[in-house]
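Asks: Attaching a predicted model along with its sequence, questions to come.
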Amino acid sequence: MDENMRKMGEGRLKNAAATLTANGFKTLIFSAGAEAAAYAAALPGTTAGMGGSMTARDLGLQEKLRAAGKEVVTHVAGMSPEERRAVWLKAQAADLYFASPQAVTLDGKLIFLDAYGNRGAAVIYGPKKIVLIAGINKLSRDEAEGLRRARDIAAVANNIRLKKDNPCVKTGRCSDCSSPSRICNAVTLLWKRPLASDIEVLLVNENLGY
Ligand code: SF4
């Protein structure tokens, strides 16, 4: 990363960490994704739930968790609806749950946009510890910008990745479609830490995921 961009990222991450902490989220800053992944893999617990996360993929997180002796609880392609439901409920009760928000706002809020909502449910309540990892590319000024990022960048990129036949794949922007294969159905917005949940945010000064 360019040195000027790295310095700017440091400042933005410090700003976000301060507001996230004030909102009840324990927050750590890492200069590299590999450091964040090593920290995450060393957290205590034997089961680790997660949804489909490009940030986790970029970090090789599943492999690192398994290497640390943890059972990774996540759905895979080809599972039946019943199998998915069983995996999602098991992930909901795991020792650890890893996810990446589509946006982290500079005033300390976390935004998730999902097709099914299993991740949204898990990041509110259920797992013993919820660990949210976000690269510098996820930082947004406020809720409005964060929601725009979730729809116009993250959702469009995920539609392309998943080879969906939705209008944004062709236009490169969200048109709030009514397509049967729409993947933008449930917004989870954490203003502050839900009271019974242990949530830790790992901010990384690298671009990770969408
Ligand atoms: S709402 Fe529809 S057009 Fe917008 S990003 Fe989601 S799938 Fe694409």
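Replies: Everything's here; your move.

Asks: need the contact list for the residue most central in space within the chain.
Replies: Centroid check for the chain by CA atoms, centre = their mean gives Ser100 as the closest residue, at 1.1 Å. With contact set as CB atoms under 8 Å, 6 or more residues apart in numbering, Ser100 has these partners: Ser53, Met54, Thr55, Ala56, Leu132, Ile133, Ala134, Gly135, Lys138, Leu208, Gly209. For glycine as for every other residue, the C-beta is placed from the backbone atoms N, C-alpha and C.

Asks: So it versus Lys90, what's the distance?
Replies: 20 Å (CB to CB, to the nearest Å).

Asks: related to what we said a few turns ago, tell me the SS of the closest residue to the residue nearest to the centre of the chain other than its chain neighbours?
Replies: Of all residues not flanking Ser100 in the chain, Thr55 sits nearest, at 3.6 Å (CB to CB, 6 or more residues apart in numbering). Here Thr55 takes the helix state, with states given by DSSP: H, G, I helix; E, B strand; the rest coil.

Asks: The protein: helices as residue ranges?
Replies: 3-22, 33-41, 54-59, 61-67, 81-92, 118-124, 143-149, 156-161, 167-171 (DSSP state H).

Asks: For the first one, which outside residues touch it?
Replies: If I follow you right, that is helix 3-22. Against helix 3-22 from outside (CB under 8 Å, 6+ apart): 1, 27-29, 31, 104-108, 110, 136, 139, 201, 203, 205.

Asks: Of the residues you listed, which belong to strands?
Replies: In strands, defined here by DSSP state E, the members of the contacts of helix 3-22 are Thr27, Leu28, Ile29, Val104, Thr105, Leu110, Leu139, Val201, Leu203.
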